[in-house]
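Engineer: Everything below, folded, please.
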Amino acid sequence: MSRRRRYSDDEDEGHGAKRRRTSEPLEIEDRLESLITRVGEKSTSSLESNLEGLASVLEADLPNYKAKILKILVDCAVQLPEKLSVYTTLVGLLNARNYNFGGEFVDAMVKRFKDSLKENKFEEGRVIVNFLADLVNCHVIAAPSLLAWYEAFVNVTLEDDIPQVRPDWFVYATLSTLPWVARELYEKKEAEMERLLTNIDAYISKRQKLHVPILRVWSSDIPHPQEEYLDCLWAQIKKMRMDKWQERQIVRPYLAFDNILCEALQHNLPPYNAPPHADDSAYPMPTVVFRMFDYTDAPEGPVMPGHHSVDRYLIEENLRRIIDTYAVDRKECAAQLLNYPFKNKIPLNYHIVEVVYGQLFQLPFAPHVDVFYTTLLIELCKLQPSSLPQVLAQATEMLYERIDTMNIACVDRLVNWFSHHLSNFQFRWSWDDWVPCVELDSSLYKPKFVQEVLGKCVRMSYHQRIIETVPDTYGPLLPHEPNHIYKYEQEGAGSLPGTVAAHQLIASIKAKSEPEELINILKDLPNPKKDDDGEAAFNPLKIDVFVQTVLHLGCKSFSHAFSALAKFHAIFRELAEEEEAQIHILRTMYDVWKKHPQMMFVLVDKMLRTQIVNCSAVANWLFSHDMSQDFTRLYVWEIMHSTIRKMNKHVEKVGSVTFHSVNLNPCLILPYIVVLSSRYMYVMTCLLHAFTSKLIALLSENCHTTDALLSHY
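Structural biologist: Below you'll find the model as predicted:
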């Protein structure tokens with residue numbers, strides 16, 4: 001064997017040894033991460049024995065892997081808040097064995113908290129405060145230092161010239177952690193706790209709540225009050241105080257190690273001063289607590305806690321945290337929800353449905369995409385087929401009965417959810433129970449809701465299937481068969497101006513003529529808008545003939561319609577040079593597809609994307625007198641919102657932010673609001689909804705308080 005070959009062999013052996021040396025620490029780190037992240041999950045051993053064993057393993061690995069262990073623990077504390085007390089117990093056991101490590105962990109959590117606030121991750125910051133509070137129960141952090149933090153939080157309420165959402169968050173971060181630690185603090189520092197609660201009460205009593213009406217799901221407090229989130233939590237904390245700080249919904253594994261933890265040395269949190277307010281701070285939006293159940297709605301089994309019971313808050317908070325943690329995996333999310341630790345002591349299905357609905361209907365925007373909640377409820381029904389579908393049906397009936405006082409944005413989401421849900425269960429429903437709505441005024445909420453649901457069901461299936469599914473008595477509310485109307489082939493079309501040109505256009509297109517030939521056919525059409533001077537902005541007859549014919553030829557499917565728009569894009573652009581011409585294109589499109597709302601939506605979207613029409617043309621078309629008969633249809637607002645979103649993206653792309661996303665003339669829109677609202681109750685809500693959503697969004701993104709928003713206008 002040559003020397004070169006021997007050298008190569010030796011080198012390969014060296015590389016192999018190096019790979020083993022490199023991979024061994026990585027394998028240990030992966031094992032540590034797996035052990036830490038999975039603690040608290042189902043196991044044949046008890047949670048206490050698992051925690052004690054894990055603490056021993058981590059203690060042995062601290063000399064070589066301290067940085068990695070610290071990082072994993074901090075990440076778990078932040079990203080797995082549903083196992084908060086499990087990790088506080090683990091940290092407590094490690095602190096009892098290694099005081100220096102406990103101090104380093106506290107410092108790492110404090111640094112993570114400050115970074116979270118700098119990065120506007122306020123929910124992450126609140127989770128960290130909660131974790132630090134529970135470390136007081138594990139004898140890792142001294143109670144007086146936590147109280148000093150609370151006092152610094154509450155002192156934010158004394159700052160001047162700040163948006164209200166800033167002190168709201170600091171007060172909420174304080175109150176939301178008290179169920180975990182209040183009893184411990186009250187036993188050790190009663191006077192300081194009383195002073196803290198008095199200061200919080202003074203702040204909450206003087207807060208302005210102008211935002212509440214636009215964030216309520218229902219305008220009525222019957223049968224359940226719709227409370228502002230901070231007011232509700234404060235009432236729950238006061239009730240807990242009256243009950244001597246008792247709660248029944250927090251798992252406290254550290255109680256099993258009290259004899260070990262009580263002997264550990266404690267750490268003091270460093271002094272904290274809230275960072276000054278910055279103009280780019282994006283504080284969490286205020287909310288209104290969603291309520292639809294009480295103990296009378298769940299007559300069998302465990303009793304549902306009252307609205308002002310802290311247990312109600314803890315259940316809802318824990319369920320929300322599970323949803324937020326596992327939102328990327330609906331199946332795992334459903335399984336985790338149904339494995340709630342105290343599921344046998346509460347009517348869990350009712351709580352889950354209420355929390356899921358609460359997030360779905362949260363204003364102005366749901367925390368996750370709407371379709372997530374549909375798929376989550378479907379998975380829950382699959383996992384609990386004998387009980388959860390009945391609760392969901394009961395909740396849907398309650399929503400239907402209360403729909404007259406429901407925010408129109410929530411009605412829209414309810415329509416989308418219900419139709420999607422039905423499509424997964426063969427559209428089976430107790431349709432006979434809703435037959436009385438057919439006899440009501442068609443402008444009222446219940447018939448409108450049923451009409452929109454049936455229309456969306458057609459999108460999920462096909463027209464004949466829905467006709468055969470519902471009772472015949474639903475006839476007035478059933479959607480039209482989604483066919484197009486080509487007026488140049490209707491009865492009496494021969495007397496219409498442009499009929500001959502339309503037929504010539506069809507023949508030329510089928511013959512694959514050049515665009516110039518098509519334009520030559522159109523150019524000789526008379527212009528009904530031409531004035532005495534012989535000038536006109538555009539020729540509506542030319543647009544009518546061309547758009548009707550092209551959409552007629554592309555009527556077979558969405559793909560055919562898109563291909564037609566793409567093939568004749570140049571002619572469309574030539575005809576749509578002015579906004580008035582673009583509006584007429586949209587009117588003609590409506591005349592062709594008025595029986596098919598989904599086709600209208602996708603065509604408008606395609607025209608916007610290909611710049612055949614602009615956003616202001618769409619908005620002014622929707623708010624024109626020609627569309628007044630459809631103002632109460634949800635597809636109109638679907639198009640409007642989609643247009644606004646596109647305009648916002650365009651504005652952000654060019655580097656400026658403006659509220660007036662579309663060129664709407666309020667003086668032109670207002671008369672329609674006033675006139676139509678006198679006839680249709682539904683209309684005023686629909687029209688205000690489009691602008692209210694933008695107002696709330698602006699409140700979240702720029703103004704942060706209702707006061708600032710009102711002063712902005």
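Engineer: Was I right to think Gln582 contacts Ala617?
Structural biologist: Yes: checked against Cβ atoms under 8 Å, the pair Gln582 and Ala617 is within contact range at 3.8 Å. Using the backbone N, CA and C atoms, a C-beta is placed for each residue, glycine as well.
Engineer: Alpha carbons of stretch 110-125, in PDB - could you do that?
Structural biologist: Extracted C-alpha coordinates of stretch 110-125, given in PDB (Å, rounded to 0.1, in the frame of the first residue of the first chain):
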ATOM      1  CA  VAL A 110     -35.700  39.000  33.400                       C
ATOM      2  CA  LYS A 111     -33.600  39.700  30.300                       C
ATOM      3  CA  ARG A 112     -36.100  37.800  28.100                       C
ATOM      4  CA  PHE A 113     -39.000  39.900  29.700                       C
ATOM      5  CA  LYS A 114     -37.300  43.200  28.800                       C
ATOM      6  CA  ASP A 115     -36.500  42.000  25.300                       C
ATOM      7  CA  SER A 116     -40.100  40.900  24.800                       C
ATOM      8  CA  LEU A 117     -41.400  44.400  25.700                       C
ATOM      9  CA  LYS A 118     -38.800  46.000  23.400                       C
ATOM     10  CA  GLU A 119     -40.000  43.800  20.500                       C
ATOM     11  CA  ASN A 120     -43.700  44.500  21.300                       C
ATOM     12  CA  LYS A 121     -44.200  40.800  22.300                       C
ATOM     13  CA  PHE A 122     -46.500  41.800  25.200                       C
ATOM     14  CA  GLU A 123     -48.300  38.400  25.500                       C
ATOM     15  CA  GLU A 124     -44.900  36.700  25.800                       C
ATOM     16  CA  GLY A 125     -44.000  39.300  28.500                       C
END
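Engineer: Quick check: buried residues in it?
Structural biologist: Under the neighbour-count criterion of 16 or more other Cβ atoms under 10 Å, stretch 110-125 has Val110, Arg112, Phe113, Ser116, Leu117, Lys121, Phe122, Glu123, Glu124, Gly125 buried.
Engineer: I'd like the distance from stretch 581-590 to the chain centre, please.
Structural biologist: Taking Cα atoms, centre = their mean, to the nearest Å, one finds stretch 581-590 lying 33 Å from the centre of the chain it belongs to.
Engineer: hmm, who's touching that stretch?
Structural biologist: For stretch 581-590, contacts defined as Cβ atoms under 8 Å, 6 or more residues apart in numbering pick out 537-538, 540, 543-544, 547-548, 551, 572, 575-576, 600, 603-604, 607, 612-614, 617-618, 620-621, 624, 626-627.
Engineer: try it again with 7 Å
Structural biologist: If you take Cβ atoms under 7 Å, 6 or more residues apart in numbering as the criterion, stretch 581-590 is touched by 538, 540, 543-544, 547-548, 551, 575-576, 600, 603-604, 612-614, 617-618, 620-621, 626.
Engineer: hmm, which two among the buried residues of stretch 110-125 are most spread apart?
Structural biologist: Farthest-apart pair in the buried residues of stretch 110-125 is Val110 and Glu123; separation 17.6 Å (Cβ to Cβ).
Engineer: Ends of stretch 374-394, what's the gap?
Structural biologist: 16 Å (Cα to Cα, to the nearest Å).
Engineer: Just the mean pLDDT for it, thanks.
Structural biologist: Taken as a whole, stretch 374-394 has a mean pLDDT of 96.
Engineer: Stretch 641-649 now?
Structural biologist: In this model, stretch 641-649 has an average pLDDT of 88.
Engineer: Can you give me the end-to-end span of stretch 624-636?
Structural biologist: Termini of stretch 624-636 sit 12 Å apart (Cα to Cα).
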